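Chemist: Give me a model of this one.
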Amino acid sequence: MLAYGRTVSERLTGRKIPSRDVSYADAIYTKLLCHGISLRKLSPSLSERNELWDMPSAAAVARSLIEAFDALAYIGTRSITENEREFRVLLWKLHDQQRRLQMLERVRSTNPKVAEIRVCAVELVSSIVVHPFYPSISRDLQQKINKGDSPAFHLSQRDLNVENGIDHDYHTTATMFLSQYVHTFPFSLHQLMEFRAGEPEALQLSALPLQYSMAFLAKAIEKMIEIWPEVHVEPSGDLQHILEIWCGIAERGVLNAG
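Modeler: Numbering: from 1, shown residues only. The predicted structure follows:
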């Protein structure tokens, strides 16, 4: 599946990118594929006797892959109006500038560019508050934008999953499980204290980051082809079947995927 995903990405090389949202999508898709490649390298190969089974790092990379899919689908979706798409791009630009400003101010930076960033952020806020889509977002988000703490997404995770055709319970379970290792919570520590590389139970645990990632990798490939139909490459029959299985799991969850 990774090889197929890379083939789709390679077909973008040298093409003129038509809009800012597609430019974002291209960068995010590349980031997502890099996570997938790294995850595969971190996962047990079973070919080396003294191999390190780094389950926590694999979980962290898998969590990042899922978040990359969320971002790809949010900024690249074709199912919204041009008006809303323009608003999302503006919101991302503002999120960037306001986060830069927050970090620079916390370290009391004296870089002359701080003033430029502050002016840019103010100008973006001015553009957003008069945008036709602005009144449709919640009052809470409007306040965050005006207070200098703009969100990257104007949708809740549940609403984002609905828009992306992702089963919310499956997404929640996947991210909750992987996050236990990202944040070093007791759940992960108790499992790692019993973890013995090479044993069947450890192999099953090590497979979970791969399994969760497969579903979102399949959906990311599908989403990228939806964004840019020209990059479509006809998969083999076996691969098409695999893609359908994992997309079905992402869309309907494990129990209803069949």
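Chemist: which other residues reach stretch 241-248?
Modeler: Contact partners of stretch 241-248, identified using C-beta atoms under 8 Å, 6 or more residues apart in numbering, comprise 1, 4, 214-215, 217-219, 221-222, 235, 257-258. Yep, even glycine has a C-beta here, placed from its N, CA and C like the rest.
Chemist: Please disregard the earlier target; I meant stretch 150-157.
Modeler: In this structure, residues lying in contact with stretch 150-157 by C-beta under 8 Å, 6+ apart are 70-71, 74, 87-88, 91-92, 94-95, 98, 137, 141, 144, 160, 163, 168, 171-172.
Chemist: Output it as CSV, nothing but the C-alphas.
Modeler: Once non-C-alpha atoms are left out, stretch 150-157 reads as follows in CSV (Å, rounded to 0.1, in the frame of the first residue of the first chain):
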residue,chain,number,x,y,z
SER,A,150,-7.0,30.7,16.5
PRO,A,151,-7.7,26.9,16.1
ALA,A,152,-6.4,25.0,13.1
PHE,A,153,-9.8,23.5,12.5
HIS,A,154,-13.2,25.2,12.9
LEU,A,155,-14.9,21.7,13.2
SER,A,156,-15.0,19.4,16.2
GLN,A,157,-13.3,16.0,15.8
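Chemist: Pull out the buried positions in it.
Modeler: Counting neighbours by 16 or more other C-beta atoms under 10 Å, one finds that the buried residues in stretch 150-157 are 150, 153-155.
Chemist: which residues in the stretch 101-250 of the chain form helices?
Modeler: Along the stretch 101-250 of the chain, counting by DSSP state H, counting those that start in this stretch, helices occupy 113-129, 139-146, 157-164, 168-182, 186-193, 200-227, 237-256.
Chemist: Out of those helices, which is closest to residue 62?
Modeler: In terms of C-beta to C-beta, the element of the helices of the stretch 101-250 of the chain nearest to residue 62 is helix 200-227, at 3.7 Å.
Chemist: Give me the pLDDT value at residue 175.
Modeler: Residue 175 is assigned 97 on the pLDDT scale.
Chemist: Check residue 157 too.
Modeler: Among the per-residue scores, residue 157 holds a pLDDT of 97.
Chemist: The one 10 residues further on too?
Modeler: The confidence metric pLDDT takes the value 97 at residue 167.
Chemist: likewise residue 256?
Modeler: On the pLDDT scale, residue 256 gets 73.
Chemist: Next up, phi/psi of the residue nearest to it when sequence neighbours are not counted, please.
Modeler: Closest residue to residue 256 apart from its sequence neighbours, by C-beta to C-beta, 6 or more residues apart in numbering: residue 167 at 7.8 Å. Note on residue 167: backbone dihedrals following degrees, to the nearest 10 are phi -60, psi 120.
Chemist: hmm, which of the contacts of stretch 150-157 are the buried ones?
Modeler: Of the contacts of stretch 150-157, these count as buried by 16+ other C-beta under 10 Å: 70-71, 74, 87-88, 91-92, 94-95, 98, 137, 141, 144, 160, 171.
Chemist: what residues does stretch 42-61 touch?
Modeler: Outside stretch 42-61, the residues within contact range by C-beta under 8 Å, 6+ apart are 35, 38-39, 177-178, 180-182, 184, 188, 192, 195, 197-198, 202-203, 205-210.
Chemist: From those residues, list just the buried residues.
Modeler: Applying the neighbour count, that is 16+ other C-beta under 10 Å, the buried entries in the contacts of stretch 42-61 are 35, 38-39, 177-178, 180-182, 188, 195, 202, 205-206, 208-210.
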